[in-house]
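Q: this one's structure only:
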């Protein structure tokens, strides 16, 4: 059984979907802990499912490195096989990435390498793209630059704004994430062997 830690910053809609999937009989992974970098609404999902949680508030630390050291310490208590970034709106410091690589995955609301960064949906609209997508990647020390594990196209409709487009991308992100976790758990997907197509 694959043990998973999930890190969030906000409402945790991807987290909720993953908790529901992991709660189903026969799913080969379980969420062992949920962590956040602030008092996030999504921590309620962990409570709903009886999953332990922790908070490492970024604002309490003098540097990203110090915050990362505390986050790493909390994760080591739980010794997860996989770490899922589910809307964590902070770049992990290299010390954390290097300690857990390649066992950190993240979702992104674009068809990478198109539109990396914090505003992938907005950037797709600004570029006049007729399609964008969703991706699940291995986290490296770049910005959305790690090996791509799964991705799927999502059309941009003529009347889309940032909200409507993102709402159509989110279910695709969730489905891809759940499938990636399942495939990692069953051994179908080797994170160490993943490579980035460019």
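A: Sure thing, it's come through. Note that the structure is predicted; figures quoted are calculated from it, not measured. Numbers count the residues shown, from 1 in each chain.
Q: quickly find the element holding the nearest residue to residue 7 once chain neighbours are set aside.
A: Using C-beta to C-beta, 6 or more residues apart in numbering and skipping residues adjacent in sequence, the residue nearest residue 7 is residue 88, 4.5 Å away. (C-beta placed from N, C-alpha, C; glycine too.) Using DSSP states H and E, residue 88 sits in no helix or strand.
Q: what sits against residue 88?
A: For residue 88, the contacting residues are 7-9, 37, 106, by C-beta atoms under 8 Å, 6 or more residues apart in numbering.
Q: how about it, phi and psi?
A: phi -70, psi 120 (degrees, to the nearest 10).
Q: distance check, it against residue 165.
A: Look at residue 88 and residue 165: by C-beta to C-beta, to the nearest Å, they are 21 Å apart.
Q: also residue 13?
A: 15 Å.
Q: which stretches of this structure form helices?
A: 13-23, 43-48, 64-78, 94-100, 120-126, 162-186 (DSSP state H).
Q: now mean neighbour count and distance to residue 145 too, for the ones you listed, in a markdown table please.
A: Compiled in a markdown table, the helices of the chain are given as follows (neighbours: other C-beta atoms under 10 Å; distance: least, C-beta to C-beta, whole Å):
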| stretch | mean neighbour count | distance to residue 145 |
| --- | --- | --- |
| helix 13-23 | 20 | 20 |
| helix 43-48 | 18 | 29 |
| helix 64-78 | 16 | 18 |
| helix 94-100 | 17 | 11 |
| helix 120-126 | 19 | 13 |
| helix 162-186 | 18 | 17 |
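Q: quick one, what contacts the spatially closest residue to residue 46 that is not a sequence neighbour?
A: Residue nearest to residue 46 in three dimensions, not counting chain neighbours: residue 34, with 3.9 Å by C-beta to C-beta, 6+ apart. The neighbourhood of residue 34, defined by C-beta under 8 Å, 6+ apart, consists of 5-8, 12, 15, 42-43, 45-46, 51-54.
Q: mind giving me the PyMOL select for these, buried ones only?
A: A single PyMOL command selects the buried members of those (16 or more other C-beta atoms under 10 Å):
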select buried, resi 5+6+7+8+12+15+42+43+45+46+51+53+54
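Q: from the contacts of residue 34, which land in strands?
A: Members of those lying in strands (criterion: DSSP state E): 5-8, 53-54.
Q: nearest to residue 192, of those?
A: Residue 192 has its nearest neighbour among the ones in strands among the contacts of residue 34 in residue 5, at 18.5 Å by C-beta to C-beta.
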